[in-house]
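*Asks:* no FASTA, just this:
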């Protein structure tokens, strides 16, 4: 941390002190503003001067281990915001919730707590901090360190469950977004409009921007989404890759349960209907992958319905499989999105809120070549409809 209290209770910002004065300061004692534990001064020729808790500290604010990469980025973000004219405080302690955000910004009548997260800590600590900010009517903005950005392809990231916790959605029309900052490159990255491919692999719009070329408002503004043609072409490759993959022997209980369900229904992963495993944007809010929940709903719920009859769709039908995102306060409806895609493909027809009419039966391919052909037809039609 960059700020600590001296024995008189005065807050001392270490990085702003001269090298000579820092050496003199080592003879004095300094304390964490949060836990009041004694902290050490760390400074050297290749190190940004900062304070650190001693090993074995129980301070909740210190959990996560702030290293040089984090301290440098925090200071850069502080300077970046200050240059924009905001009223900014570095490591300002909030006694009412016993929290010390990396940066506290005052913008008109709003307060924004910016946290620069460069390492993994428990989700319980994150959720507690976010709840504390909400209780104080402070808007939390979590910026992940660039060291946590794992890019697989130009528009594809690998995101652990921890990193997925930090999806933001500032209002119901705002795209789910992740923010990254690299203190070495002084560069932001914004990942928006995620489409879950697996539990950790996501497709979306990924933008890189130099800090010197944007402000806070432009950072959080919605970016250009990927085109429907790109989305459908990418998704077709993923669908066909899944069909051609050998049946795994995963010991994951969910995988075992799904394989057992397929066996009972005399289905094989390579010949599932082409109308399953479609790109539903709010899919990331569910625990199961798209190929699993869409297949089960289509076979168990839609397939038995007669052509011309109606089927009821409610967000409650998948509520037990919904994941929690502490920075998002809005409800996702992946099943409704899936039903709307089936409407675009001519399988369903919207009647009224929550009610759809079945227009035609979904074909079940009898061979892999037939399944691959149907995949192409479905995704080409979906691309044309969404353009």
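*Replies:* That came in fine, so what should we check first? Keep in mind it's a predicted model, so treat the numbers as computed, not measured. Residues are numbered from 1 along each chain as shown.
*Asks:* ok, the helix or strand containing residue 111: who's next to it in the sheet?
*Replies:* Using DSSP states H and E, residue 111 maps to strand 110-117. Here strand 110-117 has these sheet partners by DSSP bridges: strand 103-107 (antiparallel), strand 139-145 (parallel).
*Asks:* out of those strands, nearest to residue 189?
*Replies:* Of all these, it is strand 139-145 that lies closest to residue 189, at 8.9 Å by C-beta to C-beta. C-betas here are computed from N, CA, C, even on glycine.
*Asks:* after that closest one comes which helix or strand?
*Replies:* Sequence-wise, the next helix or strand downstream of strand 139-145 (DSSP H and E) is strand 151-153.
*Asks:* list the helices and strands that next one packs on?
*Replies:* strand 156-158 (3 or more C-beta pairs under 8 Å, 6 or more residues apart in numbering; DSSP states H and E).
*Asks:* From the contact counts, what lies against the strand it packs on?
*Replies:* Packing partners of strand 156-158 (3+ C-beta pairs under 8 Å, 6+ apart): strand 151-153, strand 201-210.
*Asks:* Just say which of those strands is most tucked in.
*Replies:* Comparing the helices and strands packed on strand 156-158 by mean neighbour count (mean count of other C-beta atoms under 10 Å), strand 201-210 ranks first with a mean of 18.
*Asks:* Show me what the following helix or strand past that one is packed up against.
*Replies:* As assigned by DSSP H and E, the chain's next helix or strand after strand 201-210 is helix 216-220. Applying 3+ C-beta pairs under 8 Å, 6+ apart, we find helix 216-220 packed against strand 177-182.
*Asks:* so can I have a markdown table of the strands paired with strand 110-117 showing mean pLDDT, mean neighbour count and distance to residue 358?
*Replies:* Shown next, in a markdown table, are the strands paired with strand 110-117 (pLDDT from 0 to 100; neighbours: other C-beta atoms under 10 Å; distance: least, C-beta to C-beta, whole Å):
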| stretch | mean pLDDT | mean neighbour count | distance to residue 358 |
| --- | --- | --- | --- |
| strand 103-107 | 94 | 19 | 50 |
| strand 139-145 | 96 | 20 | 43 |
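*Asks:* In TSV: the ones you listed, plus distance to residue 218.
*Replies:* Below are the strands paired with strand 110-117 laid out as TSV (distance: least, C-beta to C-beta, whole Å):
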stretch	distance to residue 218
strand 103-107	14
strand 139-145	14
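*Asks:* quick one, which of those strands is nearest to residue 86?
*Replies:* Among the strands paired with strand 110-117, the nearest to residue 86 by C-beta to C-beta is strand 103-107 (5.1 Å).
*Asks:* what separates that closest one from the chain centre, distance-wise?
*Replies:* What separates the centre of strand 103-107 from the centre of its chain is 23 Å, taken as C-alpha atoms, centre = their mean, to the nearest Å.
*Asks:* related to what we said a few turns ago, worst average pLDDT in the helices and strands packed on strand 156-158?
*Replies:* Lowest mean pLDDT of these: strand 151-153, a mean of 91.
*Asks:* Other residues contacting that one?
*Replies:* Applying C-beta atoms under 8 Å, 6 or more residues apart in numbering, the external contacts of strand 151-153 come out as 157-158, 201, 206.
*Asks:* Tell me which two of those residues sit farthest apart.
*Replies:* The two members of those with the most space between them (C-beta to C-beta) are 201 and 206, at 13.3 Å.
*Asks:* shared neighbours, the two?
*Replies:* In contact with both residue 201 and residue 206: residue 157, using C-beta under 8 Å, 6+ apart.
*Asks:* Tell me which stretches of the stretch 201-350 of the chain form strands.
*Replies:* Assigned by DSSP state E, counting those that start in this stretch, the stretch 201-350 of the chain shows strands spanning 201-210, 310-312, 348-352.
*Asks:* Same list, the ones you listed, but as TSV with distance to residue 168 please.
*Replies:* Listed next are those as TSV, based on distance: least, C-beta to C-beta, whole Å:
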stretch	distance to residue 168
strand 201-210	13
strand 310-312	32
strand 348-352	30
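*Asks:* where in the stretch 151-300 of the chain is pLDDT low?
*Replies:* Across the stretch 151-300 of the chain, the ranges flagged by pLDDT under 70 are 248-249.
*Asks:* Which positions in stretch 360-372 come out as buried?
*Replies:* Residues of stretch 360-372 classed as buried: 362, 364-365, 371-372 (neighbour count, 16 or more other C-beta atoms under 10 Å).
*Asks:* Go through these and name the one nearest residue 282.
*Replies:* residue 362 (21.8 Å).
*Asks:* List the contacts of that closest one.
*Replies:* Applying C-beta under 8 Å, 6+ apart to residue 362 gives the contacts 273, 275, 298, 302-303, 347.
*Asks:* give me every residue that touches residue 168.
*Replies:* Counting by C-beta under 8 Å, 6+ apart, residue 168 touches 141-142, 174, 176-179, 220, 327-328.
*Asks:* Include distance to residue 57 when you put those residues into a markdown table, please.
*Replies:* Formatted as a markdown table, these follow (distance: C-beta to C-beta, whole Å):
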| residue | distance to residue 57 |
| --- | --- |
| 141 | 26 |
| 142 | 23 |
| 174 | 37 |
| 176 | 35 |
| 177 | 33 |
| 178 | 29 |
| 179 | 28 |
| 220 | 33 |
| 327 | 27 |
| 328 | 32 |
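*Asks:* List only buried entries from those.
*Replies:* The neighbour count (16+ other C-beta under 10 Å) marks 141-142, 176-179, 220, 327-328 as buried among these.
*Asks:* Rebuild the residues you listed as JSON lines, extending it with distance to residue 86.
*Replies:* Formatted as JSON lines, the buried ones among the contacts of residue 168 follow (distance: C-beta to C-beta, whole Å):
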{"residue": "141", "distance to residue 86": "12"}
{"residue": "142", "distance to residue 86": "18"}
{"residue": "176", "distance to residue 86": "25"}
{"residue": "177", "distance to residue 86": "20"}
{"residue": "178", "distance to residue 86": "22"}
{"residue": "179", "distance to residue 86": "17"}
{"residue": "220", "distance to residue 86": "13"}
{"residue": "327", "distance to residue 86": "21"}
{"residue": "328", "distance to residue 86": "25"}
